[in-house]
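In: Model the following, please.
(chains A and B)
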Number of protein chains: 2
Amino acid sequence: MTDFAQGAWTASLTPLNADLSIDLEAYLEHLRWLLDAGSAGVAALGTTGEANSFSVAERLEVIGALAKSGAPRERLVIGVGCCAAPDTITLTRAVLDAGYSNVLMLPPFYYKNVSDEGIYRAYAHVIESVGDACLRVLVYDFPQMTGVKIGAALLARLASAFKGIVIGVKNSSGDWAAIETTIAELPGFLVFAGSERFLLTTLRAGGPGCISATANVTVRALAALAQDWQTPDAEARQAAITNTRLMLEQLPAIPALKEIMALATGRPSWRRLRPPLVNLAQDDAARLLAQAHEAGLIEAVRCA
Amino acid sequence: MTDFAQGAWTASLTPLNADLSIDLEAYLEHLRWLLDAGSAGVAALGTTGEANSFSVAERLEVIGALAKSGAPRERLVIGVGCCAAPDTITLTRAVLDAGYSNVLMLPPFYYKNVSDEGIYRAYAHVIESVGDACLRVLVYDFPQMTGVKIGAALLARLASAFKGIVIGVKNSSGDWAAIETTIAELPGFLVFAGSERFLLTTLRAGGPGCISATANVTVRALAALAQDWQTPDAEARQAAITNTRLMLEQLPAIPALKEIMALATGRPSWRRLRPPLVNLAQDDAARLLAQAHEAGLIEAVRCA
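Out: Numbering: from 1, shown residues only, chains lettered A, B, ... in the order given. A predicted model of the protein is given here:
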């Protein structure tokens, strides 16, 4: 059995109630919608999901809700990486207790210029403390947010020390050369690109796919490409997908995607953000929504 | 009454037991020693104290121990800033419940390129949620760790919106021009330099002093300069202090300081670090300890 479904995954947004608590009902509805619409899987509580803006108790609530979601084990990965090892351990155990096994694990991200040895020990400490052979760890490499770079050598060391447990990486560096190198150097290791800009190239290079924030609103187009990536029109599909991505990248990604979700679903909880994230300026939002309309994104979400 | 004692503060290291839990006994002993040795005050649970490597529950334990320390209110500031606002709120309330009022508050530090508006709202949300007029917030500006820059305009906005509550900043940017500008532009606002390299210049510019990691092992020299900064030999004292700092800065600061503390006190709990921090390589440690001996640092700690 595969641990991770292959294809285009969605890094789920997190809808918020007026008091900025998590709107679990809308959250689970969105999860089901994404899986039904063809998302290979859903990454819950990642960067796009504002995970680090929630306390451990709040994240445990989400994990509890996911436990009842019925999402297949190989189509869900849950973000657990915190600065403090005890928190990462608590969340990882909760994922396993919930009947899931896939976790997306950031390195501790407060200190900068840390050594490979230090990052290795941080992962080792958590994995050994959890001590469960069912655990499947996708290392979360996002140097722009963490200030911590995780190279192929460190991944190889982790994969070898924790065989069958550290089984892949989400590379959100935006650096195609790094993704390509990791796929080439670590056969069998699951290297997910952190952006659908690299979906086709990743699949062609032998990678499993991508995990993308944009997929919250472009899930069908991404699913279609992941399905038909060996057909003649794959390049054209990728070009259209990349265009949409570049359009959305003109603005801060999480507020922009939440704006589109709010308009498409009519639910105000999609627009809310926890500080330090803030909503788009009104004119930026208006321009974005006009472009999103033109690209058919809002209809795509609304008619799902 | 002054909220913050003026002079050279120490950003306390955190000693760890063999299981990497906090050695509270050694911690409180060190706190008392620092205050007796002339540290103007102690910053507990900051960057030097590995605060973000501890869970909220562990940090609450430290705050509970500090509550019984007898340290004067104006000589203690406790780090409370987390990525998740509920955690920052929990810790801030605990500080107030412990009978203290001074907190050192990092901005949420996971997301980068966030707006001043977003940082403002993050602080405002915490302060309004805590809702206690006794609270005194020292904003913690450490862009090298947080990836978040907090300029004088944002500090002015916070100081004006939360008058008497947001009363100062610890500027750990290492940028003297930024420290000088903030002192000049915000009269009455307490601008602590994050390094004793700027102790004399900060005092001369009208600032309250510095909060320094090095002070864990150089407390007496720093206290003497803070006391005698208007005497003719102040420049020479500052030059000697700066030399020691530059010597220590050749190596990662926290492991280096813990190495010195361990040798000087004979307590192994001073050497331990939580990942991602790691101990110095053996030859680096040996060279450091020889230099520290020569500079009289180890004797200074041992004979306190």
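
In: Show me which residues of the helix or strand bottoming out on mean pLDDT in chain A are buried.
Out: When the helices and strands of chain A are scored by mean pLDDT, DSSP states H and E, helix A:297-302 comes last with a mean of 78. Residues A:Leu297, A:Ile298, A:Ala300, A:Val301 are the ones in helix A:297-302 that count as buried (16 or more other CB atoms under 10 Å in any protein chain shown). Yep, even glycine has a C-beta here, placed from its N, CA and C like the rest.

In: so what's the second one up against?
Out: Put plainly, it is A:Ile298. Residues near A:Ile298 by CB atoms under 8 Å, 6 or more residues apart in numbering or on different chains: A:Val217, A:Ile260, A:Leu263, A:Ala264, A:Leu289, A:Ala292.

In: What residues does the fourth one make contact with?
Out: Spelled out, it's A:Ala264. A:Ala264 touches A:Val217, A:Leu297, A:Ile298, A:Glu299, A:Ala300, A:Val301, A:Arg302, counting by CB under 8 Å, 6+ apart.

In: right, and out of these, which lies closest to chain B?
Out: Closest approach between these and chain B, by CB to the nearest CB: A:Val217, at 20.2 Å.

In: Can you name the next helix or strand after the helix or strand hosting that closest one?
Out: Assigned by DSSP states H and E, A:Val217 belongs to helix A:215-227. On the C-terminal side of helix A:215-227, the closest following helix or strand by DSSP H and E is helix A:234-248.

In: near chain B, which residues of the stretch 1-150 of chain A show up?
Out: For the stretch 1-150 of chain A, the residues in contact with chain B (CB under 8 Å from any CB of the partner chain) are A:47, A:52-58, A:83-87, A:90, A:107-115, A:117-119, A:121-122, A:125, A:144-145, A:147-148.

In: Which of those residues fall within helices?
Out: Of the residues of the stretch 1-150 of chain A next to chain B, the ones assigned to helices by DSSP state H are A:56-58, A:85-87, A:90, A:117-119, A:121-122, A:125, A:144-145.

In: where do the strands sit along chain A?
Out: A:7-11, A:42-44, A:76-79, A:102-105, A:136-141, A:166-171, A:190-193, A:209-212 (DSSP state E).

In: Could you export the ones you listed as JSON lines, including mean pLDDT?
Out: Shown next, in JSON lines, are the strands of chain A (pLDDT from 0 to 100):
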{"stretch": "strand A:7-11", "mean pLDDT": "98"}
{"stretch": "strand A:42-44", "mean pLDDT": "98"}
{"stretch": "strand A:76-79", "mean pLDDT": "98"}
{"stretch": "strand A:102-105", "mean pLDDT": "98"}
{"stretch": "strand A:136-141", "mean pLDDT": "98"}
{"stretch": "strand A:166-171", "mean pLDDT": "98"}
{"stretch": "strand A:190-193", "mean pLDDT": "98"}
{"stretch": "strand A:209-212", "mean pLDDT": "98"}
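
In: where does chain A have low pLDDT?
Out: Judged by pLDDT under 70, chain A has its weakly predicted residues at A:1, A:302-304.

In: If we use 90, what do you get?
Out: Under the criterion pLDDT under 90, the flagged ranges of chain A are A:1-2, A:295-304.

In: Tell me the residues of the stretch 151-300 of chain A that contact chain B?
Out: So the stretch 151-300 of chain A meets chain B at A:Pro252, A:Arg274, A:Pro275, A:Pro276, A:Leu277, A:Val278 (CB under 8 Å from any CB).

In: which of those residues tops the neighbour count?
Out: The residue in these with the most neighbours, by other CB atoms under 10 Å in any protein chain shown, is A:Pro276 (27 neighbours).

In: Excluding chain neighbours, what is closest to that one?
Out: Counting by CB to CB, 6 or more residues apart in numbering or on different chains, A:Pro276 lies nearest to B:Gly118, which is 3.6 Å off, once chain neighbours are set aside.

In: same question, A:Phe142
Out: A:Ser172 (4.0 Å).

In: circling back: how about the contacts of A:Ile298, which pair is most distant?
Out: Of all pairs drawn from those, the greatest distance, 11.4 Å, lies between A:Val217 and A:Leu289 (CB to CB).

In: list residues touching both of those two?
Out: A:Ile260, A:Ile298.

In: how about TSV for the strands of chain A, with mean neighbour count added?
Out: Below are the strands of chain A laid out as TSV (neighbours: other CB atoms under 10 Å in any protein chain shown):
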stretch	mean neighbour count
strand A:7-11	29
strand A:42-44	28
strand A:76-79	28
strand A:102-105	25
strand A:136-141	25
strand A:166-171	26
strand A:190-193	27
strand A:209-212	29
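
In: Please report the distance of A:Val62 from chain B.
Out: Separation of A:Val62 from chain B (CB to the nearest CB, to the nearest Å): 13 Å.

In: That residue contacts A:Ile22, doesn't it?
Out: Yes - at 6.2 Å, A:Val62 and A:Ile22 qualify as touching, with contact defined as CB atoms under 8 Å.
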